[in-house]
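S.K.: just need the structure, nothing else, for what follows:
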Amino acid sequence: MAQQIGSMAGQITPNISNANKDQYQTNRRTLNLGDKVAAMLNQADVERQWGMLQYAELQREQSNDMRRAFNYYTRQLNFNGDSYVLTASTDERKRMIRNDDLPTLTSVIASDLDLRDLYRNEYLTAIEDAVAEVAYQAKKQLKKNKSKSNKENDSTTVGGGGNDSKDNNDSDEDDGDVSDVIELMTQAHVAMSKWFALISAADVE
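M.R.: Numbers count the residues shown, from 1 in each chain. Below you'll find the model as predicted:
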């Protein structure tokens, strides 16, 4: 299993790693020798932390097929290493160019991946919460049914007829509250829709 995980780790979004390296090399060109060494050490530390994060993500995948499916698609993405499309308005683009504030390729790729991870996490969290809520409601319902059954047995034993109105009210209360489950499933649907919206038409074709 360790060998399998190791081979998978090597496949994770090489674009962001390569883009980072290119960006660091560009930034180091104007530095003096001392600053270049410090920058190289900083780059090595960033890459080490990136590797640790990706390894931890691979570990989480082992117990969640949906997480694995999301991540598998993301790993297959290939970003253009030379250019990107800026979707800002005309005025915003002019301002960014005047202020030399255009995003780097590295930041664009990182932003794209972060957004995909955000929607993935929102979906997974909503589903996990929904499962927990259903389990809680089921347990609560089972406990109510057991309590009601015990009361009916006690009433039969002592020969009491009970109160039909009260029984009907109890039945209504025992239906359970599914509003939280519906809300969580709605959140999951919204997050999934946003994640799918990031897939380009070319990939679908």
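S.K.: ramachandran angles for the closest residue in space to residue 115 that isn't next to it in sequence?
M.R.: Among residues not flanking residue 115 along the chain, residue 198 sits closest, at 6.7 Å (C-beta to C-beta, 6 or more residues apart in numbering). Heads up, the C-betas are built off the backbone N, CA and C, glycines and all. The phi and psi torsions at residue 198 (degrees, to the nearest 10) take the values phi -80, psi -10.
S.K.: before we move on, what about residue 125?
M.R.: Dihedral angles for residue 125 - degrees, to the nearest 10 - are phi -60, psi -40.
S.K.: do residue 31 as well
M.R.: Dihedral angles (degrees, to the nearest 10) for residue 31: phi -90, psi 160.
S.K.: what count of nearby residues applies to it?
M.R.: Residue 31 has 13 neighbours, counted by other C-beta atoms under 10 Å.
S.K.: quick one: contacts for it?
M.R.: Contacts here follow C-beta atoms under 8 Å, 6 or more residues apart in numbering; on that basis residue 31 touches residue 39.
S.K.: for residue 104, see how far away it is.
M.R.: 17 Å (C-beta to C-beta, to the nearest Å).
S.K.: please apply the same query to residue 30.
M.R.: In terms of C-beta to C-beta, residue 30 sits 15 Å off from residue 104.
S.K.: and residue 114, by the same measure?
M.R.: Relative to residue 104, and taking C-beta to C-beta, residue 114 is found at 14 Å.
S.K.: higher neighbour count, these two?
M.R.: For residue 114 and residue 104, the more surrounded residue by other C-beta under 10 Å is residue 104, and the numbers stand at 15 against 11.
S.K.: state the distance from that one to residue 133.
M.R.: 43 Å.
S.K.: now swap in residue 58 and tell me
M.R.: Residue 58 is 29 Å from residue 133, by C-beta to C-beta.
S.K.: so which residue is dead centre in the protein?
M.R.: The centre of the chain sits closest to residue 121, judged by C-alpha atoms, centre = their mean, with a distance of 1.6 Å.
S.K.: what stretches of this structure score poorly on pLDDT?
M.R.: 1-28, 46-47, 50, 80-83, 154-176, 205 (pLDDT under 70).
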